[in-house]
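[1] got a structure for you, letters missing:
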Ligand SMILES: C=C(O[C@@H]1C=C(C(=O)O)C=C[C@H]1O)C(=O)O
């Protein structure tokens, strides 16, 4: 079910927010499956690697150029004016929308939290090389068969436009998912402001993180994610499938016995993306949002809030 917080009855329902996060799992997994078709193409992530861009006065990477061009058009179409979409390009470098601004219900507390630079770094340095490994190795084998040896055989299939287009889609989905942590924090704060206020007034990030962390939610998420990645990475067959033969671990190391090396995606890579990057970064956004949740409020306002 598509969820649009601006029209939903209770935009801060934790169940509604979690359903958005669950739906974004599908967007991210399918985006990674599409990107995994192409080789790593490391050149598109290196700054100043393309003379054609330097000649245009652009000193960033191919991907950063793609992001700027894409986000420039999207900004003119009125994206990045709602509190659930954040550009990778500095907002000061983007044009004003051609349409009048939409009036959004003031749901989040005013803030300037944007962790897209961290998302771009971990995605290009750790996620892309891992999820494109199969295509990269296959490309190298084909090149060697054609007599291409050494540096030229690896990693580059020349599909710079396709690869960057898919990178932008995945990055936008990861960015939305991570920054949705602000809605999670606002929901948890409003449910029990008194639990958070002492650790905001006397900044205590560690205690705030322990208050927002729900281990069981995370555990179930990773199990669901693994199953999705296995199933989405397989072509549907009409034959009745027999389960993989033993050793088919049950609840071993949280894999729940669901793993697959024959699919279109590195299942362990998808789980690690969430476990090592997306979930920790979401929680950092949650904590940072809480640390600024009382900014500009008077002592009386805070005292009143603490009583609720
Ligand atoms: C998003 C939430 O907050 C935290 C972050 C989670 C995540 O990034 O998946 C899951 C549970 C919590 O530890 C939540 O409570 O749903």
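    Cool, got the structure. These numbers come from a predicted model, not from an experiment.

[2] does residue 129 touch residue 39 like I think?
    No. Between residue 129 and residue 39 there is no contact under CB atoms under 8 Å: 10.3 Å. To be clear about C-beta, it is placed using only N, CA and C from the backbone, and glycine gets the same treatment.

[3] could you check which of the two has the larger neighbour count?
    Between residue 129 and residue 39, residue 39 has the larger neighbour count (other CB atoms under 10 Å), namely 22 against 15.

[4] enumerate every residue touching that one.
    Residues in contact with residue 39, defined by CB atoms under 8 Å, 6 or more residues apart in numbering, are 132, 135, 136, 139, 155, 156, 157, 159, 163.

[5] how near is the third one to the ligand?
    When you say that, I think you mean residue 136. Noted for residue 136: a distance of 29 Å to the ligand, by CB to the nearest ligand atom, to the nearest Å.

[6] so that residue, which state does it fall into?
    Under DSSP: H, G, I helix; E, B strand; the rest coil, the three-state class of residue 136 is helix.

[7] before we move on, the earlier item: among the contacts of residue 39, which one sits closest to the ligand?
    Proximity of the contacts of residue 39 to the ligand (CB to the nearest ligand atom) peaks at residue 132, which lies at 24.7 Å.

[8] what sits against that closest one?
    Counting by CB under 8 Å, 6+ apart, residue 132 touches 35, 36, 38, 39, 40, 41.

[9] and with 7 Å instead?
    Contacts here follow CB atoms under 7 Å, 6 or more residues apart in numbering; on that basis residue 132 touches 35, 36, 38, 39, 40.

[10] then residue 165?
    For residue 165, the contact set (CB under 7 Å, 6+ apart) is empty.

[11] any idea how far it lies from the ligand?
    Note on residue 165: its distance to the ligand, by CB to the nearest ligand atom, is 27 Å.

[12] and stretch 279-289 with the ligand, contact?
    Yes. Using CB under 6 Å from any ligand atom, stretch 279-289 reaches the ligand at 279, 282, 283, 286.

[13] could you list the buried residues of the helix or strand bottoming out on mean pLDDT in the chain?
    Least confident helix or strand of the chain, by mean pLDDT, DSSP states H and E, is helix 133-145 with a mean of 90. For helix 133-145, a neighbour-count test (16 or more other CB atoms under 10 Å) marks 133, 134, 135, 136, 139, 140, 143 as buried.

[14] touching that helix from outside, list them.
    With CB under 7 Å, 6+ apart, helix 133-145 has contacts from 36, 37, 38, 39, 40, 153, 154, 155, 157, 266.

[15] now it, how far from the chain's geometric center?
    How far helix 133-145 lies from its chain's middle: 28 Å, per CA atoms, centre = their mean, to the nearest Å.

[16] could you look up the next helix or strand downstream of it?
    Where DSSP states H and E defines the elements, the next helix or strand beyond helix 133-145 is helix 160-179.

[17] quick check: which ranges of this structure have low pLDDT?
    1-8, 151-154, 236-263 (pLDDT under 70).

[18] so in it, which helix runs the longest?
    Scanning the chain for the helix with the most residues, using DSSP state H, yields helix 14-35.

[19] quick one: contacts for residue 305?
    Residue 305 sits next to 193, 197 when contact means CB under 7 Å, 6+ apart.

[20] that one sits in which helix or strand?
    helix 299-307.
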